[in-house]
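S.K.: Fold the following.
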Amino acid sequence: MGYFTSPHSTLKTREEIRRESEMEAKTRSQETAADESTRPAPPAMPWPVRLQIFALSTATDLAQRRNGTVNRFLFSLGDRQTPARPRPDALGIRSTDLTVDATRNLWARVYSPVAEAAGAAPLPVVVYFHGGGLAFLSASSLPVDAMCRRFCHELGAVVASVNYRLAPEHRYPAAYDDGEEVLRYLGATGLPADISVPVDLSRCFLAGDSAGGNIVHHVAQRWTSSSPSNNPVRLAGIILLQAYFGGEERTEAELRLEGVAPLVNMRRSDWSWRAFLPEGADRNHPAAHVTGEAGPEPELQEAFPPAMVVVGGLDPLQDWQRRYAAMLLRKGKAARLVEFPDAIHAFYVFPELPDAVKLVEEIKAFMDSYASAH
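M.R.: You can find the predicted model right below:
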């Protein structure tokens, strides 16, 4: 039997439908305006910083192929390299490259102050892991080199910047294996003979930015679970600068800052996880998701070191980083959350930004408090 409408049924006239459509459109417009009002404006930055961010973002976008591989040549056009410099620079910092395992091109660039500036007391060692989405940059990239020089000078430490293997050529867990191997090498062989300052490997800090912060967590977890008892390397603390964690969930900050924050967006981040994680794994894999919402929390040994977790208010990854600090506290670990409300992702790379200066002061205070207590 066919369907029909009785002439006595309640029907909406065209005029009523038009008025309702206009009201719905007005409501949607108001909701959109409200959403836009809560979205932060793009951050104001000096033009040299904008130019560098544009160059890095463009090189990354051009190099990320749809099939999950990297066009290394195109990325190299925006990734300026610099060699080690055995002679002291204007800050009195010298650098040398240390081969850890030539078969996998694993090496570290070691930065040290001149002996006259260092004094007689042994210096702590910072083992540093650069960012780049686990797929880009190196220890010889100019921004990484310049930042490590500043850290060496201002933190009063010897810095070993690790050139770990990159995805997608080397997927999980290659970067973590490399980080752990560097610690084994330092414990067994020590620093190069031409490092003219004394060091204390029992005051070793792991530090890293973005993807490097992710590596720091996993290397620290591995090292405190299985390091040989006779190895002199002891972790006094870990420093995670806007660490690259994630999950299948889209967090509030990721949604709010999409299209606003520079460098990091969901498309680039998702590509990097696909390049690094095992084939077929999603972003809830324990390499990416370490905070327990979508799986078990990581097991942390008693020796897991105190952590400094740095968060930027204009970083789409900030919710994951706060969850990480909260997870550490739930598990009874020491965690210091340091927030920079106006900071973009990778702000520490740009010494022109005031927060980059403040960050080094915070790192210095953290290292001083835990190096002396270790």
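S.K.: Find the residue ranges of the stretch 151-300 of the chain scoring beneath the pLDDT cut-off.
M.R.: The model of the stretch 151-300 of the chain has no residue with pLDDT under 70.
S.K.: So which residues of it form helices?
M.R.: Using DSSP state H, counting those that start in this stretch, the helices assigned to the stretch 151-300 of the chain run over residues 174-189, 211-226, 252-257, 266-276.
S.K.: Just give the number of residues close to residue 103.
M.R.: Counted by other Cβ atoms under 10 Å, the residues lying close to residue 103 total 5. (Glycine included, C-beta is placed from N, CA and C.)
S.K.: quick thing: my sequence starts at 69, can you match it?
M.R.: All set: I'll call the first residue 69, so the last point we hit is now residue 171.
S.K.: so what's it up against?
M.R.: Residue 171 makes contact with no residue under the criterion Cβ atoms under 8 Å, 6 or more residues apart in numbering.
S.K.: ok so, going back, next, format the helices of the stretch 219-368 of the chain as TSV and append mean neighbour count and distance to residue 435.
M.R.: Below are the helices of the stretch 219-368 of the chain laid out as TSV (neighbours: other Cβ atoms under 10 Å; distance: least, Cβ to Cβ, whole Å):
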stretch	mean neighbour count	distance to residue 435
helix 242-257	19	17
helix 279-294	22	14
helix 320-325	18	28
helix 334-344	19	29
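S.K.: Can you pull the phi/psi pair for the residue nearest to residue 166 when sequence neighbours are not counted?
M.R.: Nearest residue to residue 166, sequence neighbours excluded (Cβ to Cβ, 6 or more residues apart in numbering): residue 176, at 4.9 Å. Backbone geometry at residue 176, expressed as degrees, to the nearest 10, gives phi -140, psi 140.
S.K.: Okay, residue 176 and residue 147: tell me how far apart.
M.R.: With distances taken as Cβ to Cβ, to the nearest Å, residue 176 is found 19 Å from residue 147.
S.K.: Quick check on these two: which one has the bigger neighbour count.
M.R.: The neighbour count for residue 176 versus residue 147, taken as other Cβ under 10 Å, is higher for residue 176 (25 against 22).
S.K.: Mind listing residues that contact the helix or strand where residue 141 lies?
M.R.: Following DSSP states H and E, one finds residue 141 within helix 140-144. Helix 140-144 is contacted from outside by 127-128, 130-131, 204, using Cβ under 8 Å, 6+ apart.
S.K.: Can you tell me which of those residues lies closest to residue 401?
M.R.: Of all the contacts of helix 140-144, residue 401 sits closest to residue 204, with 30.4 Å by Cβ to Cβ.
S.K.: how about the closest one, what does it touch?
M.R.: With Cβ under 8 Å, 6+ apart, residue 204 has these contacts: 128, 131, 138, 143, 147, 234.
S.K.: Go ahead and confirm the last one touches residue 203.
M.R.: Yes: the pair residue 234 and residue 203 qualifies as a contact (Cβ atoms under 8 Å) at a distance of 5.3 Å.
S.K.: Now do the shared contacts for those two.
M.R.: residue 138.
S.K.: out of those two, which sits in the busier spot?
M.R.: residue 203 (27 against 23).
S.K.: If you count contacts, what does the helix or strand hosting residue 434 end up packed against?
M.R.: Per DSSP H and E: residue 434 is located in helix 422-441. Helix 422-441 sits against strand 191-197, helix 210-223, strand 267-277, strand 303-309, strand 375-382, strand 403-412, with contacts defined as 3 or more Cβ pairs under 8 Å, 6 or more residues apart in numbering; DSSP states H and E.
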